[in-house]
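*Asks:* With the sequence up front, the predicted model follows.
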Amino acid sequence: MLLKNTIVPKKSANVHKNSFFYLFKQFASNVRFKQATMFFCATIATSETKTSSNSMPRLLFFITICTILASCANSQKRPKQSHTKPSNADNWSFTGKFALSNGKENGSGKIAYEINNQTVKAQFKAPLGQGSWTITENKNSAELQSSRHHPVFGNNAQALISNELGWDFPWNNLKFWLRAHKTYAKITPHTSSIDKIYDNGWTISYSKWTQTPAGLLPKKIKASKPPYAVKLVIYKWVVD
């Protein structure tokens, strides 16, 4: 039984018309398409509701057509998803700061490091009071330029740097650790971060990562082999 004050709404064409516009607005997102199609469907809906009380089947038919067209407009707007895989990146560089310790002395400075066509070039500014260095190494030779003495040459940079510091600096390992791999491992892109690796008696810890065309690359690295420690904070990666 209905309550005395209950008002039962009368059925009218406006109900169908409003339902149509509600459905249309849900599906049409393209602005130009929406304007044109809304005008067309509104015209059809108005004429159908005025001409006959049994126009529901035809009205539903027009609603279906407009909904399909609106869905097509939405599908055209969807951006293409990129499925590009990260590259191994043979040429890359970074800039940042570093800190070195031999257990007795500590020093820090800025670093710029670059690998290009198997040539490694690095600039260290003010490492452990040794002045500034520029190191260039290729497959057959190495050169260390210092702000404190004449350039020195050798077969590899590992020996030149270690001679300057007075301890065995892990230069040959560094280019692998920077890419979060063990020494002489095949360099492959990382799709997820790792915390630590253990290599040649060293513990290499990674605390921050960034996304690059070569996959995830570390932003904070600490390599330790007591009493020695090497820390790197990378400001910017450049990957070709």
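*Replies:* Thanks, I have it.

*Asks:* I'd guessed residue 195 sits against residue 205; true?
*Replies:* Yes. With contact defined as C-beta atoms under 8 Å, residue 195 reaches residue 205; the gap is 6.7 Å. (Glycine included, C-beta is placed from N, CA and C.)

*Asks:* higher neighbour count, these two?
*Replies:* residue 205 (15 against 8; other C-beta atoms under 10 Å).

*Asks:* Ignoring the adjacent residues along the chain, who's closest to the more buried one?
*Replies:* Spatial nearest neighbour of residue 205, chain neighbours left out: residue 222 (4.7 Å); criterion: C-beta to C-beta, 6 or more residues apart in numbering.

*Asks:* Quick check: which ranges of this structure have low pLDDT?
*Replies:* Along the chain, the parts satisfying pLDDT under 70 run over 1-89, 127-130.

*Asks:* Now do the contacts for the residue nearest to residue 147 when sequence neighbours are not counted.
*Replies:* Excluding the flanking residues, the one nearest residue 147 by C-beta to C-beta, 6+ apart is residue 131, at 3.8 Å. Applying C-beta atoms under 8 Å, 6 or more residues apart in numbering to residue 131 gives the contacts 146, 147, 148.

*Asks:* Give the bridge partners for residue 142, please.
*Replies:* According to DSSP bridges, the residues that bridge with residue 142 are residue 137, residue 154.

*Asks:* just the one 4 residues further on next, same as before
*Replies:* Beta bridges link residue 146 to residue 133, judged by DSSP bridges.

*Asks:* And the strands in the chain, which stretches?
*Replies:* Taking DSSP state E, the strands of the chain run over residues 92-101, 106-116, 119-125, 133-137, 142-146, 152-154, 196-199, 202-212, 215-225, 228-239.

*Asks:* can I get the ones you listed in a markdown table with distance to residue 185?
*Replies:* Listed next are these as a markdown table, based on distance: least, C-beta to C-beta, whole Å:
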| stretch | distance to residue 185 |
| --- | --- |
| strand 92-101 | 16 |
| strand 106-116 | 16 |
| strand 119-125 | 17 |
| strand 133-137 | 20 |
| strand 142-146 | 22 |
| strand 152-154 | 25 |
| strand 196-199 | 9 |
| strand 202-212 | 12 |
| strand 215-225 | 15 |
| strand 228-239 | 19 |
